[in-house]
Structures are given as structure tokens and as C-alpha cells.
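**Student:** Next input, structure requested:
(one chain, ligands or ions: 1)
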Amino acid sequence: MRTWHVTRLGEPPSVIEQVDIPEPEPADGEVLLEVEAVSVGFPDWLMAQGLYHDKPDLPFGLGGESSARVLRAPAGSGLTEGQRVIALAGGKGGITLTSRIAATPDRLLPVPDKMSPEHAAVLFVAYQTAYVGLMRRGRLQVGETVVVHGASGGVGMAAVQIAKASGARVIAVAGGEQKAQACREFGADVVIDHRTDDFVEVVKELTGGRGVDVVFDPVGGDTFDRSRRIMAVEGRLVVVGFAGGTIAQAPTNHALLKNYDVVGFRMRPFREDRAYRRRVHDSLVQMYQAGALHPRVTTYDFDDLPAALELIGSRQVIGRVVVYPPT
Ligand SMILES: NC(=O)c1ccc[n+]([C@@H]2O[C@H](COP(=O)([O-])OP(=O)(O)OC[C@H]3O[C@@H](n4cnc5c(N)ncnc54)[C@H](OP(=O)(O)O)[C@@H]3O)[C@@H](O)[C@H]2O)c1
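**Tutor:** Purely as a prediction, here's the structure:
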């Protein structure tokens, strides 16, 4: 079976190579799966350089969650041959970008009939992160206004669509006309191109100086810092990530004076809570089936993983990248 390994740390794609690995032998209680599509994202690009908080031992595989079909399931698992599932990545550098994988049933989520493998492959990390970040940590309410930074990226796209589906007014911030256009297509009410406009000024004007209830920030650095100036009283500024590469320092006196919350958010503990992630999944499937979620994916064949990583590294991705397993 072919897969890609990161063989040394450095800028992809020069540090990855195709290797042969044995077919998985499912242990007792494990399910054998045929992979259909695998999501690959910013964390893969960072991990290959040793810049991600997870630092697997070399060599390691790339790829996040995958959509897959059950080939063989243990008796009593409730799974049937041919059933479609989302297989969650098994932790640090686990192999997902290959033709067959083995997983325990608790790492699987059901896929509804009409969802394509490409959409199923992006429904977990990006959409669950956006959902939990907005709804649980950000406490977003119907009728509130939210600013989504990095809105054309994987998590940002999901946040725009989920916030809209939840009855919020959405202001999306993205860089460049192509990304701004994508945010309009995702359903944002207002789109700000941060390359041409100052989001602080535009948001202040749009809200009559009141500010917004929630800021969803996967970018960090200066974006976080300036977002402090658009928080409404009792607003929630949700720290989702540092795609911009810098971690901002927040002066606590500003939060005191302006009465807003800075909310830290890490998906992992919520993701590891099996019952909770299933509830979030069911809510997302409901939104998807109602037509409120429409993931944008760019697909690559297995051999083209280097090109996929180049797209991610050059900040050109809109939505999510999906790579097919080897044929
Ligand atoms: N808290 C959690 O549990 C959690 C879970 C999943 C992901 N994350 C984090 O969320 C962040 C976004 O993930 P994602 O999958 O949505 O990534 P993505 O698809 O690559 O999107 C990131 C967005 O950030 C913006 N950006 C600003 N400065 C950038 C830079 N120097 N390089 C690249 N992008 C830059 C880009 O938008 P413009 O070009 O429009 O500015 C881009 O669309 C990452 O930092 C990731 O680690 C956090």
C-alpha cells in the first residue's frame, strides 16, 4: 500500500516521499476501512516543518480525517459492510492518506446517503471546530453579529456557514478579491477585504460604533490585537488559532474597561468526548441536509500531494483541500 511520509523536517514538499507500507491488520474490535478521500490542511503543512504543537517522531504520515467505507466490521459493532463513515485521524501523525486503514468503532461517525466523500472528508475538523468555537465557547445567539477572520480558509468557511445557519449576522474578513468573493458565496452578509479596507473602521461604521458580539479569530497577531477595538459590551473574542504566525498579548485592563471576554478555545477535549462530538456531528448533518452547509473543496490525486501542500503553504487555499487515496 502506498502512502506519503515526512522523512525529515523542513518546508514541504521537499521533505515528503512516497513509501510502501503493509496493509493494516485490524486488531480485535477494529474495523477495516477503504479510504475514499482525506482532508489535508494547514496543520499538515506546519507539522512537516516541526512547527505544529503535535510533534510526531519521524517518519510520519500526513492527512486528517477521512471518508471511508466499511470493508469488515467486528460482530456487535453495529457497522455493516459497505457503510460510509468519517474516520477520525488517530492522533500524532497517524497514517490516513492510504487505501486502507483500521480504526476502532469509537473513531467513526456515520455519513448520510447524499453526502459526497469529499464533503464527508471535511465535515469533522473544520466544521466541528467552527461549531464548538462559535456556539459553545463563543455563546453565539440568534440575532447577534459575528466577525469571522480568515473567513475563506477551512475553519473560517465553516464558521461563516454555521453562524448564518444559526441566525447570526456575519461579517467575513478575507484577503483579496477571489477570497472575498468566496465568502459572499459562503453566505456572509458583509465581506471586508483586509487588503484594501481596515476592518476596524468598517465594522465600527456598520455597527454604529457599538461593535460586535463575537469575533472568531483563527489568525491571531495583529488581527487579534485590532479586534479588541470592535468588541461590544459583553462581547466574546474567541482565540481559535495563529495562522498569521504571531501570538498576540492581550492587555487585561482593556478587557476590564470595555467589558468583553477573551475566550481561549482548543477543540481537542471536545473532540475526545465521544457523546458530545456525536451530538455536534448530528447538528452539522442536520444543517447540511437543510442546505445550510456547502463545503468548498479543492481536490488532488494522491500523487499530487506536493501540489496540495504548496497551495496550502502559499496561502491560496479557499475552503478545504481533499486528497484521494492511491488507486
Ligand atoms: N483551536 C482549535 O482547536 C483549532 C482547531 C482547528 C484549527 N485551528 C487553527 O485555526 C487556524 C486556521 O485553520 P484553517 O484550517 O482554517 O487554515 P487555512 O484554511 O489555511 O486558513 C487560514 C486563513 O488565515 C489567514 N491568514 C492570515 N495570515 C496568514 C498566514 N501568514 N499564512 C496563512 N494564512 C494566513 C488566511 O486568510 P487571508 O489570506 O484571507 O488573510 C487563511 O485563509 C490554524 O491556525 C489552525 O491551527 C485551531
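**Student:** burial measure for residue 53, as a count.
**Tutor:** By the measure other Cβ atoms under 10 Å, the count of residues near residue 53 is 9. Using the backbone N, CA and C atoms, a C-beta is placed for each residue, glycine as well.
**Student:** Sorry, wrong one. I was asking about residue 98.
**Tutor:** 23.
**Student:** Confirm residue 298 sits in a helix?
**Tutor:** No: looking at residue 298 with DSSP: H, G, I helix; E, B strand; the rest coil, it is strand, so not inside a helix.
**Student:** Which residue, other than its chain neighbours, is closest to it?
**Tutor:** residue 321 (5.3 Å; Cβ to Cβ, 6 or more residues apart in numbering).
**Student:** can you pull the contacts of the one you found?
**Tutor:** Counting by Cβ atoms under 8 Å, 6 or more residues apart in numbering, residue 321 touches 39-41, 297-300, 308, 311-312.
**Student:** doesn't it fall inside a strand?
**Tutor:** Yes: Residue 321 forms part of a strand when assessed by three-state DSSP.
**Student:** what bridges to it?
**Tutor:** Beta-bridge partners of residue 321, counted by DSSP bridges, are residue 40, residue 298.
**Student:** Give me the buried subset of the contacts of residue 321.
**Tutor:** If you count burial by 16 or more other Cβ atoms under 10 Å, the buried members of these come out as 39-41, 297-298, 300, 308, 311-312.
**Student:** returning to what we had before: can you tell me which of the contacts of residue 321 is nearest the ligand?
**Tutor:** residue 41 (4.5 Å; Cβ to the nearest ligand atom).
**Student:** Surely that closest one touches residue 62?
**Tutor:** No: distance between residue 41 and residue 62: 9.6 Å, which falls outside the contact criterion (Cβ atoms under 8 Å).
**Student:** I'd like the distance between whatever residue of the stretch 1-150 of the chain ends up closest to the ligand and residue 294.
**Tutor:** Closest contact between the stretch 1-150 of the chain and the ligand, by Cβ to the nearest ligand atom, is at residue 150 (3.2 Å). To residue 294, residue 150 is 18 Å away according to Cβ to Cβ, to the nearest Å.
**Student:** Which one of those two is surrounded by more residues?
**Tutor:** Using other Cβ under 10 Å, the more surrounded residue of residue 150 and residue 294 is residue 150, with 27 against 13.
**Student:** one step back: next, the residue of the stretch 1-150 of the chain closest to the ligand: secondary structure please.
**Tutor:** coil.
**Student:** quick thing: my sequence starts at 6, can you match it?
**Tutor:** In the new count, where the first residue is 6, that last one comes out as residue 155.
**Student:** contacting residues around it?
**Tutor:** Per Cβ under 8 Å, 6+ apart, neighbours of residue 155: 161, 178-179, 222-224, 246, 248.
**Student:** so which of those residues are also by the ligand?
**Tutor:** Residues of those in contact with the ligand (Cβ under 6 Å from any ligand atom): 161, 179, 223-224, 246, 248.
**Student:** most surrounded residue in those residues?
**Tutor:** Counting by other Cβ under 10 Å, top hit in those: residue 161 with 32 neighbours.
**Student:** Show the pLDDT at the nearest residue to that one once chain neighbours are set aside.
**Tutor:** Closest residue in space to residue 161, ignoring its immediate chain neighbours: residue 155 at 4.2 Å, by Cβ to Cβ, 6+ apart. For residue 155, the model assigns a pLDDT of 98.
**Student:** got it, and residue 95?
**Tutor:** 70.
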